[in-house]
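Engineer: A structural model of the following input is requested.
(chains A and B)
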Amino acid sequence: MPSALSIVLLTLKISAAAMLIVIPLGMVVAWTLVRKRVHGRFWIEVLISLPLALTPVVIGFALLSVLGRNSTMGRFTHEIFGWDIAFTWVAAALASAVVAFPLSVRAFMVAFAGVDTRAELAARTLGAGPWRVFFTITLPMAYPGLLAGALLGFARALSEFGATIVVAGNIPGETQTLSLAIFNRISTGDDAAAMPLIVVTVVLAAISIAIHNHLLTRAVRLEANRSQREARG
Amino acid sequence: MSQPPILSFHFKRATRGFDLDVSAECGSGITALFGPSGSGKSTTLNCVAGMLRPDQGEIALNGRTLFSSTGKVDLPPEKRRVGYVFQDGALFPHMTALDNIRYGFERTPESARRISPDEAIALLRLGPLLERRPAQLSGGEKQRVALARALAASPELLLLDEPMASLDSALRGVVTVYLRRIKRDLGIPMLYVSHSITEVLALADRALLIKDGRITAFDRPSRLLLETAAGFFHEAGAADNLLDGVVSSIDGRGSGRVRVGGAEFVAPVGARQPGDAVVLSIGAAEIILATNRPEGLSARNVLPARLAELDIKDGHAFARAEIGVSPSDTQLIVELTEGAVSDLGLSPGQDIYLVFKSSSVAVLDAEER
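Structural biologist: Residues are numbered from 1 along each chain as shown, chains lettered A, B, ... in the order given. You can find the predicted model right below:
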């Protein structure tokens, strides 16, 4: 049986990998939805938020039918690279990413919507192209909200269970994250072994949410200052 | 227009229920774009800056095509070299005042740099504020930083979208002084959106009246008074004359004399000291016009003047009076009725006297305190 430390490290690795997908992709999606005219925006937003309402088991099943050895993509990666995604830590990361995505994207959208478009336009007239404006103006102005969204997603990825067990299994040392290890120990009646893992899980979750809430109050305060200025103006 | 235009544009842009069809030319100095809200002022400005795209037409700046629907040219804002100052400054909140000012300068090609951040900072007296963040600046200070930020990018044209709309009257006096300073020292042409006739009279060399998406050009901003007398102008409130001056003497009881060009005004200067720079605000309707020097009046200001121009329409009349030595450096707009004009037998070129109480003069600080 892997040590508690190695389980924690594996969980952090899988969650971090999930966020490497969620953060860039989520920011592109959120920015596009907030700043651009998008056809079918309503249904795109429904699709993005769908994992919030779906049972993760169904998400895991959907991922399995895309990545499993019987699927087109699964066969492709198996035959070309000799590599299976399903039932590896990569599949666990993908499962966490899908589940965390809506939470992060919704927070990113709020963060981007709070950025004064006139500051962005002023930067354009000062000679900065769209990319430079994004990195020097939009990103720093939205940063507390963006970081809060990333942490919320990370917290969700840490606690992921249902989708992971379907598409990645419960393989000690490979895909067995904290929640899966706790499940294992409780179901075999070994509550004593589960307890340290439960404590670690609670501490990690509490830290993530505490930082998230702290950032969010900061973002809300910035936003309040801005609306106050606008009300005066 | 005698000189070739610096900015010329004609374009159309239709949106739901509103179609903009404007054409105008702007030379050096300050051109006011004046009109009621919803008339298309900001849309016009945004098209010139490249933030909105006209449906068809052309925009050219110093012979350079910024937009042409036939030539398929549409330069992005960052390539137009057009500065933009928003109503409340729209400063970058995560940067200090200095970093705000340097932002555009750093992105200006060296060959195009004509104004350095230091010059812009000196012109707008921002030295003590450079390390502050926008949240620590007052409304007038933000607007000065926004002006310096736009100037340090050495724009060929400065667009100002109601830069004083969110300031109180005292700060308007301050910003007015700085805008005049920019015009005098840097010679950057400005297109100035406003719905305040007072600002237009105080600042503009020419005026464009925009109404229902169409533009009419006026060589003299005071002509607007007539156009608007019948319509929306009276909704916006009466016109004020804004004059730059320096306190020359005080009587110790809150009153004092203020030198404006070649003339001197008696005004309630309060606790200000001789040498303090001020802006005087005098309502056009507060001034009485006399053909002979009046005697035995309680009004403290009786100024000899020359009636330069007289415009009459629909019972309203506006007189443009030049005061001080000739060639006159100061002019005042006086509002009167058509009846008074005919009773007095007024005609342009005539010598007149302007009479007003010192309490009709509001004294504003020319520097922020």
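Engineer: distance of the spatially closest residue to residue A:71 that is not a sequence neighbour from residue B:184?
Structural biologist: What sits nearest to residue A:71 in space, not counting adjacent residues and going by CB to CB, 6 or more residues apart in numbering or on different chains, is residue A:65, at 5.7 Å. Just so you know, the C-beta spots here come from the backbone N, C-alpha and C atoms, and that holds for glycine as well. For residue A:65, the distance to residue B:184 equals 73 Å [CB to CB, to the nearest Å].
Engineer: who's more crowded, those two?
Structural biologist: Higher neighbour count among residue A:65 and residue B:184: residue A:65, with 14 against 9, using other CB atoms under 10 Å in any protein chain shown.
Engineer: how about the secondary structure of that one?
Structural biologist: Secondary structure, DSSP: H, G, I helix; E, B strand; the rest coil: residue A:65 is helix.
Engineer: chain B versus that one, what's the distance?
Structural biologist: According to CB to the nearest CB, to the nearest Å, residue A:65 stands 45 Å off from chain B.
Engineer: in the helix or strand residue A:33 falls within, what's buried?
Structural biologist: Using DSSP states H and E, residue A:33 sits in helix A:4-35. Buried residues in helix A:4-35, counted by 16 or more other CB atoms under 10 Å in any protein chain shown: A:7-8, A:10-12, A:14-15, A:17-19, A:21-23, A:26-27, A:29-31, A:33-34.
Engineer: could you point out the helix or strand that follows it?
Structural biologist: helix A:41-53.
Engineer: take that following helix, keep the C-alpha atoms, and write them as CSV.
Structural biologist: In CSV, the C-alpha atoms belonging to helix A:41-53 read as follows (Å, rounded to 0.1, in the frame of the first residue of the first chain):
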residue,chain,number,x,y,z
ARG,A,41,-23.6,31.8,-26.8
PHE,A,42,-26.6,30.6,-24.8
TRP,A,43,-26.1,26.9,-25.6
ILE,A,44,-22.4,27.2,-25.4
GLU,A,45,-22.8,28.4,-21.8
VAL,A,46,-25.2,25.5,-21.1
LEU,A,47,-22.7,23.0,-22.4
ILE,A,48,-19.9,24.5,-20.4
SER,A,49,-21.9,24.4,-17.2
LEU,A,50,-23.3,20.9,-17.9
PRO,A,51,-20.7,19.0,-15.8
LEU,A,52,-21.9,21.0,-12.8
ALA,A,53,-25.3,19.3,-13.0
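Engineer: ok, residue B:242 to chain A distance?
Structural biologist: 22 Å.
Engineer: check contacts around the closest residue to that residue other than its chain neighbours.
Structural biologist: Leaving out its chain neighbours, the residue that sits closest to residue B:242 by CB to CB, 6+ apart is residue B:202, at 3.7 Å. Residue B:202 sits next to B:176, B:240-242 when contact means CB atoms under 8 Å, 6 or more residues apart in numbering or on different chains.
Engineer: for residue A:153, same thing?
Structural biologist: Residue A:153 neighbours (CB under 8 Å, 6+ apart): A:18-19, A:22-23, A:26, A:100-101, A:103-104, A:107.
Engineer: go again with 10 Å.
Structural biologist: For residue A:153, the contact set (CB atoms under 10 Å, 6 or more residues apart in numbering or on different chains) comprises A:15, A:18-19, A:22-23, A:26, A:96-97, A:99-108, A:208, A:212.
Engineer: hang on, it in a helix?
Structural biologist: Yes: assigned with three-state DSSP, residue A:153 falls within a helix.
Engineer: just the element for residue B:31, please.
Structural biologist: Per DSSP H and E: strand B:30-34 holds residue B:31.
Engineer: for that strand, which strands pair with it and how are they oriented?
Structural biologist: Strand B:30-34 has its sheet partners listed here by DSSP bridges as strand B:190-194 (parallel), strand B:206-211 (parallel).
Engineer: now, of the ones you listed, which is deepest in the fold?
Structural biologist: Of all these, strand B:190-194 has the most neighbours on average by mean count of other CB atoms under 10 Å in any protein chain shown, namely a mean of 24.
Engineer: now tell me which helix or strand of chain B has the poorest mean pLDDT.
Structural biologist: helix B:223-229 (a mean of 66; mean pLDDT, DSSP states H and E).
Engineer: my guess is the residue nearest to residue A:71 contacts residue A:167, does it?
Structural biologist: Yes: here residue A:65 reaches residue A:167: they are 9.3 Å apart, a contact under CB atoms under 10 Å.
Engineer: so what's in contact with the two at the same time?
Structural biologist: Residues touching both residue A:65 and residue A:167 (CB under 10 Å, 6+ apart) are residue A:86.
Engineer: kindly spell out which helices and strands sit in contact with the helix or strand where residue B:150 lies.
Structural biologist: For residue B:150, the host element (DSSP H and E) is helix B:139-151. Judged by 3 or more CB pairs under 10 Å, 6 or more residues apart in numbering or on different chains; DSSP states H and E, helix B:139-151 is in contact with helix A:117-125, helix A:191-232, strand B:82-85, helix B:97-106, helix B:117-123, strand B:157-161, helix B:169-186.
Engineer: which residues of the chain score low on pLDDT?
Structural biologist: Picked chain A for this. A:222-233 (pLDDT under 70).
Engineer: that's the other chain; I wanted chain B
Structural biologist: In chain B (pLDDT under 70), the answer is B:1-3, B:226, B:228-238, B:325-328, B:368-369.
Engineer: the closest residue to residue A:150 other than its chain neighbours and residue A:105, how far apart?
Structural biologist: Using CB to CB, 6+ apart and skipping residues adjacent in sequence, the residue nearest residue A:150 is residue A:23, 5.5 Å away. Counting by CB to CB, the gap from residue A:23 to residue A:105 is 10 Å.
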